[in-house]
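Chemist: here's a sequence, model it:
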Amino acid sequence: MQDNYLKKIYTKLFFLFLFVVFLLFVPAGSFKYWNGYVALIIIFIPVGIFIYLLFNQNPYLIKQNFNFRKIFRKQDSIFNMIIIDIVAGFLMAGFDFRFTLTKNYPVWIYIQAFVIFILAYVIVGSSLKENRFFTRTVFDAGLYGVVRHPTYSALILTFLSLPLILGSLWSFLIFLLFPVLIIFKIKKEEKILKEDIYGYAEYMSRVKYRLIPFIW
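Modeler: Next comes the predicted model:
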């Protein structure tokens with residue numbers, strides 16, 4: 001039964017993969033967009049591995065968090081804006097390649113972007129190790145004792161480095177909206193968390209920073 005559910009998750013992941021392929025390569029007008037292949041590899045292979053490992057640890061958690069119909073029903077306008085921003089960013093990267101909008105792109109930007117992208121995965125992996133069940137309870141060990149939302153920090157690093165890996169400064173400008181939207185999402189979520197989770201208000205007073213130590 002669980003194997004069938006895992007297959008359903010991977011089927012949905014495959015269709016998401018095809019959707020991203022469409023967003024990148026159709027506007028690019030070519031399958032010679034090697035940055036697109038790199039992005040697909042570094043996004044979907046680790047995510048596939050992450051789903052498998054997490055499913056073996058806690059199948060119920062996977063069922064809760066990868067129920068896509070439930071996710072889209074419960075999300076608000078901020079979530080929808082985040083999706084639109086991501087779609088627009090991928091489309092712009094493809095158009096940038098097609099019309100060579102970003103010129104004289106230095107190699108060191110690629111290298112730094114890869115380093116930041118890897119750092120994002122390290123943060124997610126560390127968060128998973130420390131709070132392996134991602135429970136909706138107060139948890140303040142490890143990274144959660146430094147910032148209250150380390151996984152959101154990792155997402156911001158991911159979507160700011162990804163357009164640079166795709167070789168598009170114009171796409172990067174679009175993705176600059178992503179951290180702004182995450183900030184609004186966190187503010188809204190924390191109002192709910194203070195009401196729904198016992199001890200969360202005290203946790204907020206202990207851990208001052210939401211995303212970046214000493215900044216916010």
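
Chemist: for the rest of this, base every contact and every neighbour count on C-alpha atoms.
Modeler: Will do.

Chemist: and for Phe79, the neighbour number?
Modeler: Using other CA atoms under 10 Å as the criterion, Phe79 is surrounded by 17 other residues.

Chemist: ditto for Lys32
Modeler: 11.

Chemist: I'd say Ile174 and Phe90 touch.
Modeler: No. Contact criterion CA atoms under 8 Å: Ile174 and Phe90 do not qualify, at 9.3 Å.

Chemist: more crowded one of these two?
Modeler: Phe90 (27 against 19).

Chemist: in a helix, that's where that one is, yeah?
Modeler: Yes. In this structure, Phe90 lies within a helix as judged by DSSP: H, G, I helix; E, B strand; the rest coil.

Chemist: contacts only, for it.
Modeler: By CA atoms under 8 Å, 6 or more residues apart in numbering, the residues touching Phe90 are 20, 23-24, 163, 171.

Chemist: recalculate using a threshold of 10 Å.
Modeler: Applying CA atoms under 10 Å, 6 or more residues apart in numbering to Phe90 gives the contacts 20-25, 27, 36, 96, 162-163, 166, 168, 171-172, 174-175.

Chemist: what does Phe22 give?
Modeler: 16, 28, 90-91, 94.

Chemist: that one: what secondary structure?
Modeler: When classified by three-state DSSP, Phe22 comes out as helix.

Chemist: got it, and Lys103?
Modeler: coil.

Chemist: show me just the buried residues among the contacts of Phe22.
Modeler: When neighbours are counted using 16 or more other CA atoms under 10 Å, the contacts of Phe22 contain these buried positions: 28, 90-91, 94.

Chemist: ok so, going back, tell me, what's touching Ile174 and Phe90 both at once?
Modeler: Taking CA under 10 Å, 6+ apart as the contact rule, Ile174 and Phe90 both touch Pro163.

Chemist: contacts for stretch 38-48?
Modeler: By CA under 10 Å, 6+ apart, the residues outside stretch 38-48 that reach it are 9-10, 13-14, 16-18, 20-21, 24, 34-35, 37, 50, 52-53, 114, 117-118, 121, 158, 162-163, 165-166.

Chemist: 7 Å - rerun?
Modeler: By CA atoms under 7 Å, 6 or more residues apart in numbering, the residues outside stretch 38-48 that reach it are 165-166.

Chemist: list the buried residues for stretch 80-98?
Modeler: For stretch 80-98, the neighbour count (16+ other CA under 10 Å) marks 82, 85-87, 89-98 as buried.

Chemist: among those, which pair sits farthest apart?
Modeler: Using CA to CA, the buried residues of stretch 80-98 span at most 24.7 Å, a distance reached by Ile82 and Arg98.

Chemist: got any ranges where the protein has weak pLDDT?
Modeler: Counting by pLDDT under 70, the chain has low-confidence residues at 1-3, 58-75, 129-137.

Chemist: strands along that one, start to end?
Modeler: For the chain, no strands are identified by DSSP state E.

Chemist: give me the most central residue, it.
Modeler: Against the mean C-alpha coordinate of the chain, by CA atoms, centre = their mean, the closest residue is Leu155 at 3.8 Å.

Chemist: so what's that residue up against?
Modeler: By CA under 7 Å, 6+ apart, the residues touching Leu155 are Ala120.

Chemist: again, 10 Å this time
Modeler: Counting by CA under 10 Å, 6+ apart, Leu155 makes contact with 117, 120-121, 123-124, 161, 178-179, 182.
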